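Participant: Quick one: sequence plus predicted model below, questions after.
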Amino acid sequence: MGVISAIGQNLAQNRDSLSAARCGISTYLELFPSKYAGVLPFGTIHISNTNLQEALNAYEPGVTRTSLLALHAFEEAIAAAGLTPDQLTEAGTALIGASTVGGMCLTDELYHDANKTEEGSQYLSSYDNASVTLYLQKRFKVGGVVNTINTACSSSANAVMFGASLIKNGWAKRAIVGGADSLAKFTINGFNSLHILSPEICRPFDEDRKGLNLGEGAAFLVLEGEETIAGKKVYAELTGYCNTNDAYHPSSLSDEGDGPYLSMKGALDMAAIEAEKIDFINAHGTGTENNDLVESTAMLRLFEQPPPFASTKSYTGHTLGASGAIEAVYSILCLQEQELYPGLHFSKPIPGTGLVPVQEYHKQSLQHVMSNSFGFGGNCSSLIFSKA
């Protein structure tokens, strides 16, 4: 696994911040000029593009911040998995990336290129949503199936599912799966137009929640079939997954929580375990009025007594297309370290549900952890990781 977020530049730093309940959200936004800098909170990674390029030796023309973050997490993941350059070029190595914004993080450059008559800037080919995955494919000469998924905030959870399906169906013997998104004027102004950005640090599942905080980050995981993992460190087993769509509204989930309920139930069915066997849920938990109420409703529908749950978006902000992969990494850390990370900034439960997220870091015996990722358009995904 490899990860970079507002709470750490690698796996160890992220785990340290989670176990210390250290929030990475602030109003300090130095990446580009914005009237919201110093006003709205964001989960910013405080590393400049120049410093990322130097650290990664990434000076290719047209490289974007999204691609740099993806490269950072990708390199950590393949190093941890011990993958060699020859293995990366094999036809059995797949790469499934995910993003919601991709290269459109270059909002000003995109606007300029769209309105000028000359040939265009070095970034012209970077605006495609697949440009991040294509950059990694070209840099590492990945030889197998390569694809990019954009299903809003469930994108990289679906990348995990797609990679697993390739392995199960014989199209790959390993799949490098994950996603990346960076902060941009494009997303800040877009989400602000929906009136769902919180003026304060987000409070998932709290009665007085006011919306989400946008964040940035990337994470990749290396999936392999059991027949190829002899002698390797195994963090967890992906035992269940499911994607559903409640087809209710472009940006809201149905009041009954049909999509979240069905995705969680479908993942349980694939894993062939009963609902009460889930020891923890890493909830989607955006901090918006609709999501937290609906996710709570779905949990109450599915579980006779909902298990411990929390949202790590209270640490990192909502990293959009990267969130499913980042939170998959965090879910696996729970299993690996046998520990639970508290939800931050919570004060009082939502009336009518009464659900209270985990409030303090503590050690706990864990066998099965569920990770939820729900996207615009009703695209809902749930993953179940089990102790190896």
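Facilitator: Everything's here; your move.

Participant: What sits closest to Gln87 if chain neighbours are left out?
Facilitator: The shortest distance from Gln87 to any residue other than its chain neighbours is 6.1 Å, reached at Thr93 (Cβ to Cβ, 6 or more residues apart in numbering). C-beta coordinates here come from the backbone N, C-alpha and C atoms, glycine included.

Participant: I should have written Ile350 there, sorry.
Facilitator: Excluding the flanking residues, the one nearest Ile350 by Cβ to Cβ, 6+ apart is Glu207, at 5.4 Å.

Participant: now for the lowest-mean-pLDDT helix or strand in the chain, which elements pack on it?
Facilitator: Every helix and strand in the chain was compared by mean pLDDT, DSSP states H and E; the lowest is helix 107-114, with a mean of 85. Helices and strands touching helix 107-114, by 3 or more Cβ pairs under 8 Å, 6 or more residues apart in numbering; DSSP states H and E, are helix 185-193.

Participant: what's the angle from the helix it packs on to helix 107-114?
Facilitator: For helix 185-193 and helix 107-114, the angle between their directions (axes from the mean of the first three to the mean of the last three Cα atoms, to 10 degrees) works out to 110 degrees.

Participant: Would you mind listing the buried residues in helix 185-193?
Facilitator: Of the residues in helix 185-193, those with enough neighbours to count as buried (16 or more other Cβ atoms under 10 Å) are Lys185, Phe186, Thr187, Ile188, Phe191.

Participant: wouldn't the last one be in contact with Leu197 here?
Facilitator: What it means is Phe191. Yes - shown here, Phe191 and Leu197 form a contact pair, counting by Cβ atoms under 8 Å, at 5.4 Å.

Participant: returning to what we had before: I'd like to check which residues are in contact with the residue nearest to Ile350.
Facilitator: Contacts of Glu207 were listed using Cβ atoms under 8 Å, 6 or more residues apart in numbering, and they are Ser347, Lys348, Pro349, Ile350, Pro351.

Participant: Save those residues as JSON lines, and put in distance to Tyr36 and pLDDT too.
Facilitator: Compiled in JSON lines, the contacts of Glu207 are given as follows (distance: Cβ to Cβ, whole Å; pLDDT from 0 to 100):
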{"residue": "Ser347", "distance to Tyr36": "25", "pLDDT": "97"}
{"residue": "Lys348", "distance to Tyr36": "28", "pLDDT": "97"}
{"residue": "Pro349", "distance to Tyr36": "30", "pLDDT": "98"}
{"residue": "Ile350", "distance to Tyr36": "27", "pLDDT": "97"}
{"residue": "Pro351", "distance to Tyr36": "31", "pLDDT": "95"}
